[in-house]
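[1] need a 3D model of the sequence below.
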Amino acid sequence: MDTDAQDDVPTTSRLLEDIRRRLLRAFQRAVPRAGSRRAREAAEAAAEAASEERGWARVEGALAGLRAELLEMRFQNRRLARTLLDLNMKMQQLKKEYELEMAWESQGPEDNAGNQK
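    Down below sits the predicted model:
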């Protein structure tokens, strides 16, 4: 039995060594996983912050576009108001000319002949 026991020692040693290696690998894998979980959470937080930042950048870009459109609309509004005022002045001028012409025609032919001499 003594020799049988000695034969079992190398087998047991190999078995224990194999178990030791497996345990070491399992712990080595577990440690990075815990670290990678933290890293993954940090990466997710960074991605969320970046996404939020991109969202704000889009909002700011849209606001800048709206500001530019509003400025253009203000310019067009002023130009249109100026055009309308000019048209109104022209209409008033044409109205006065028409009234003068109508008054001249209503004076009669003999009055007009006297005005032409």
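
[2] going forward, measure contacts between C-alpha atoms and count neighbours the same way
    Noted.

[3] centre of the chain to the strand or helix carrying residue 73, how far?
    Using DSSP states H and E, the element containing residue 73 is helix 2-106. With Cα atoms, centre = their mean, to the nearest Å as the basis, helix 2-106 stands 7 Å off its chain's centre.

[4] residue 69 versus residue 63, what's the distance?
    Here the criterion is Cα to Cα, to the nearest Å. By it, residue 63 lies 10 Å from residue 69.

[5] ignore what I typed, I meant residue 20.
    Remark: distance between residue 20 and residue 69 (Cα to Cα) = 72 Å.

[6] so where's this protein shaky on pLDDT?
    Within the chain, the ranges that satisfy pLDDT under 70 run 1-9, 30-35, 109-117.

[7] mind listing what the residue nearest the centre of the chain touches?
    What sits nearest the mean C-alpha location of the chain, by Cα atoms, centre = their mean, is residue 58, with 1.9 Å. Contacts of residue 58 were listed using Cα atoms under 8 Å, 6 or more residues apart in numbering, and none were found.

[8] likewise the one 3 residues further on?
    Residues near residue 61 by Cα under 8 Å, 6+ apart: none.

[9] gap between it and residue 55?
    To residue 55, residue 61 is 10 Å away according to Cα to Cα.

[10] now swap in residue 75 and tell me
    As for residue 75, its distance to residue 55 is 30 Å (criterion: Cα to Cα).
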